Structure formats: C-alpha cells, structure tokens
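K.L.:
Quick check, what structure comes out for this input:
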Amino acid sequence: MEVYLRGNYPNPFNPSTTIEFGLPEAGSVRLEVYDMQGRLARVLVNRAMEPGNHRVLVSMDGLASGVYVYRLVAGGTALTRTLQLVK
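P.N.:
Now for the predicted structure:
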C-alpha cells in the first residue's frame, strides 16, 4: 500500500464533508485546507497516526463559499485535492 488521498464526499458540501486517506506505515501526518490564495484555512490533522485507512470529518463553519485545496503530507509524500464549499 502507498499513501493515498481520496476525493472528499459529498462534494460540493455544506457545512461538513469527509476526507479519506491511507497510510502504509505509522508516522507523522499533516492534513491541511488552504483557500485559493494559498492561505491556510484549517489544520485538520497534525499528529502521529497508525497505518491503515483513515476518515476525517471536516467542518468548514465560518468559512466563505468557494473552492479550497486540501493537502496531505505523510511518509515523505504530499498529495492534494480540491473541495467546494457551497452555502
């Protein structure tokens, strides 16, 4: 298994969505959400995690409608996807 990051669901969403990712081995994980100007909007995960499949429920309360980028950094790999918040 390699590090993977799936598309969030539902997408578009309001106000919450789920992000799934997988880790082949234990290690440090950082999952962040950025706006389209590259500003950090949320840090969802910033801790050591065990190997396997993981789901994170994301609440975007307080943020404006729009397209955001989420980024997973784990095991020397960085993966990104987009999500759309519609209010």
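K.L.:
Can you give me every residue that contacts Leu44?
P.N.:
Residues counted as contacts of Leu44 (CB atoms under 8 Å, 6 or more residues apart in numbering) are 19, 31-33, 56, 58, 70. No exception for glycine: its C-beta is placed from N, CA and C like everyone else's.
K.L.:
how about 7 Å then?
P.N.:
Leu44 makes contact with 31-33, 56, 58 under the criterion CB atoms under 7 Å, 6 or more residues apart in numbering.
K.L.:
and it, what element?
P.N.:
Using DSSP states H and E, Leu44 sits within strand 40-49.
K.L.:
element containing the nearest residue to Val73 once chain neighbours are set aside?
P.N.:
Counting by CB to CB, 6 or more residues apart in numbering, Arg30 is the residue found nearest to Val73 once chain neighbours are left out, at 4.6 Å. Using DSSP H and E, Arg30 maps to strand 27-34.
K.L.:
burial count for Phe21?
P.N.:
Counted with other CB atoms under 10 Å, the neighbours of Phe21 add up to 21.
K.L.:
Okay, and the beta partners of it?
P.N.:
Leu5, His54 (DSSP bridges).
K.L.:
just to revisit the earlier point, next one: the strand holding Leu44 to chain centre, how far?
P.N.:
Offset of strand 40-49 from its chain centre (CA atoms, centre = their mean, to the nearest Å): 8 Å.
K.L.:
same question, stretch 56-73
P.N.:
With CA atoms, centre = their mean, you get 7 Å for stretch 56-73.
K.L.:
burial measure for the spatially closest residue to Asn46 that is not a sequence neighbour, as a count.
P.N.:
Leaving out its chain neighbours, the residue that sits closest to Asn46 by CB to CB, 6+ apart is Arg30, at 5.2 Å. Look at Arg30: counted by other CB under 10 Å, it has 14 neighbours.
K.L.:
Tell me which residues touch Arg30, please.
P.N.:
Residues counted as contacts of Arg30 (CB under 7 Å, 6+ apart) are 45-46, 73.
K.L.:
Would you write out the PyMOL command that picks the buried residues out of these?
P.N.:
Selecting the buried subset of these in PyMOL, with 16 or more other CB atoms under 10 Å as the burial test, is done by:
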select buried, resi 45+73
